[in-house]
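[1] only the shape, not the letters, is given here:
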Ligand code: HEM
């Protein structure tokens, strides 16, 4: 009786109501703000519940590492997203699968493919697509948001299948998938019982079946086209599809014949890698343009650096070491307006105990990136855009040498890319693609706030208005984009002409 009466150790957290927990005050939009608010009240690790889902929210990097890295053998599952079908099993979305053999095979393959491409700095495709982007921006600057996402989609589709023309569709497909997997998406992700309505009166289920079927069909079509080209000998060796077919041949499958399941597996593996690299990068790039327009002082500093190093030619990866201010502005953008502000949830694969508190199998662990980026001891003045925190000694995040830091591959703030066995596989391409974009745009254009022709005042930008997806982009906003000189306009057009033949425009 005495033992029974001892209160069980618990994490702090908001008071839980019977059955519902705190579902009533978990907003579907900008949920990270609520999690940060609770972190300020309850501390760096707290518990909450939404109906049957138990959550542990972590807002301290060390605690996140203890759980998700050191105990990665327990906390590396993925929770069920109600409105996606069988995503935990695979083979469609490796980032959302549980930790089983399909996930292991796909992750290992994607990791090696990415590492090889990085060794060659993505074969110059990032720079070639950038020349196209600058040309388009010169001709039609009002479409800068569209073009930015398309740039990211094209780089990925070129790397995957040698078909940059899929870039736009790639972006749209990623956006719809993200909608379906987000709390802000279909209502069935929050009011989960609705998902179990019979299919003939269940619009969410019908939509998802159709969406997934079309996406998988699109991937398999691209896969088969690439296979035909491989057999004819005209698939470029710098594609992920080539790498895959070449491996099959080395294993003795010279004719590349496969079962439907094998094709499905491989087309999803390449298709998803291609898909996941679009909005993850276009979100930060759109925020970067916004930040530069709102902080002319930093824009000018970066432009002075670029002009000094590059002069009349568009910056490339060759200039990486010499442009720390550009890298700092990019790094600070991703900290200030995170593209994955909630983090990506991990799930406990079995019961555990941490700091004397029992954690049940199935509990969802969220290392909330928005809050991690605002820990005052590590990121003083965290709500403001302060690139100097990466450039000046004295700031906790400063690291030398500046020829190397800051970057997105190593060093400080790597929590942005998640933890342990599930860490992001895209850090290298993020580093290259954002760098070339960040430097080339400022080399070519001056960005600023738009001025309203009626009031003469700057058109305001709501820097926190986003679409609330798991991986998000800002909502449409307006800025002014002006080419820096006539001479620069000519150089941009020359650059575009140079690559036009090689790109499929
Ligand atoms: C700034 C851009 C990006 C950010 C902030 C980011 C962040 C993340 C985060 C937080 C995770 C979850 C890690 C975890 O569960 O602990 C993740 C997973 C992943 N990311 Fe990224 N990512 C970015 C870009 C990319 C790109 C460009 C690619 C590929 C081209 C990519 C591929 C992946 C994959 C495949 C996973 C799943 C890993 C797994 O579950 O095994 N990411 N990313």
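    Received the coordinates, thanks. This is a predicted model, so every value here is computed, not measured.
[2] rest of the way, CA atoms for contacts and neighbours
    Will do.
[3] what parts of the chain come near the ligand?
    94-95, 107, 273, 276-277, 280-281, 339-340, 343-344, 416-419, 422-426, 429-430 (C-alpha under 6 Å from any ligand atom).
[4] so residue 331 makes contact with residue 406?
    Yes: with contact defined as C-alpha atoms under 8 Å, residue 331 counts as touching residue 406 (6.9 Å).
[5] of the two, which one has the most company?
    More crowded of residue 331 and residue 406, by other C-alpha atoms under 10 Å: residue 406, with 28 against 24.
[6] got the contact list for that one?
    By C-alpha atoms under 8 Å, 6 or more residues apart in numbering, the contact list for residue 406 reads 324, 327, 328, 331, 390, 399, 412.
[7] wait, the third one sits on residue 387?
    Yes: Residue 328 sits in contact with residue 387 when judged by C-alpha under 8 Å, with a separation of 5.3 Å.
[8] which non-adjacent residue is nearest the closest residue to the ligand within the stretch 151-300 of the chain?
    Residue nearest to the ligand within the stretch 151-300 of the chain (C-alpha to the nearest ligand atom): residue 277, separated by 3.6 Å. The spatially closest residue to residue 277, leaving aside those adjacent along the chain, is residue 156, at 6.4 Å (C-alpha to C-alpha, 6 or more residues apart in numbering).
[9] state the distance from residue 392 to the ligand.
    To the ligand, residue 392 is 23 Å away according to C-alpha to the nearest ligand atom, to the nearest Å.
[10] that's a helix at that residue, yeah?
    No: in this structure, residue 392 is coil, not part of a helix, as judged by DSSP: H, G, I helix; E, B strand; the rest coil.
[11] so which residues of this structure form strands?
    For the chain, the strands defined by DSSP state E cover 45-50, 53-58, 346-347, 352-354, 357-359, 364-367, 445-449, 479-483.
[12] return the most buried member of those.
    strand 364-367 (a mean of 26; mean count of other C-alpha atoms under 10 Å).
[13] which helices and strands does it pack with?
    strand 53-58, strand 346-347 (3 or more C-alpha pairs under 8 Å, 6 or more residues apart in numbering; DSSP states H and E).
[14] list of residues touching the first one?
    The one in question is strand 53-58. 35, 44-49, 64, 362-368.
[15] what is the rounded mean pLDDT of stretch 413-420?
    Stretch 413-420 carries an average pLDDT of 98.
[16] just put the helices and strands packed on strand 364-367 in TSV and tack on mean pLDDT.
    Listed next are the helices and strands packed on strand 364-367 as TSV, based on pLDDT from 0 to 100:
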stretch	mean pLDDT
strand 53-58	96
strand 346-347	98
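[17] which residues does residue 204 contact?
    By C-alpha under 8 Å, 6+ apart, the neighbours of residue 204 are 83, 186, 188, 195.
[18] now, the most widely separated pair of the residues you listed?
    186 and 195 (9.7 Å; C-alpha to C-alpha).
[19] okay, and the common contacts of the two?
    By C-alpha under 8 Å, 6+ apart, the residues touching both residue 186 and residue 195 are 83, 204.
[20] neighbouring contacts of stretch 15-29?
    Taking C-alpha under 8 Å, 6+ apart as the rule, stretch 15-29 contacts 14, 34, 48, 49, 50, 51, 52, 183, 184, 467, 468.
[21] narrow those residues to those that are buried.
    Among those, those buried by neighbour count (16 or more other C-alpha atoms under 10 Å) are 48, 49, 50, 51, 183, 184, 467, 468.
[22] just give me the closest of the residues you listed to the ligand.
    Using C-alpha to the nearest ligand atom, those come closest to the ligand at residue 468, 14.6 Å.
[23] re the thing from before, so what's the residue count around the residue nearest to residue 277?
    Considering only other C-alpha under 10 Å, residue 156 is surrounded by 31 other residues.
[24] check residue 257 too.
    Neighbours around residue 257, by other C-alpha under 10 Å: 11.
[25] OK, contacts around it?
    By C-alpha under 8 Å, 6+ apart, residue 257 has no neighbours at all.
[26] surely residue 268 and residue 219 touch.
    Yes: contact criterion C-alpha under 8 Å: residue 268 and residue 219 qualify, at 6.6 Å.
[27] least trustworthy helix or strand in the protein by mean pLDDT?
    When each helix and strand of the chain is scored by mean pLDDT, DSSP states H and E, helix 2-5 comes last, with a mean of 60.
[28] pLDDT below threshold where in this structure?
    Within the chain, the segments meeting pLDDT under 70 span 1-6, 504-505.
[29] centre-most residue in it?
    In the chain, the C-alpha nearest the mean C-alpha coordinate belongs to residue 280, at 2.4 Å (C-alpha atoms, centre = their mean).
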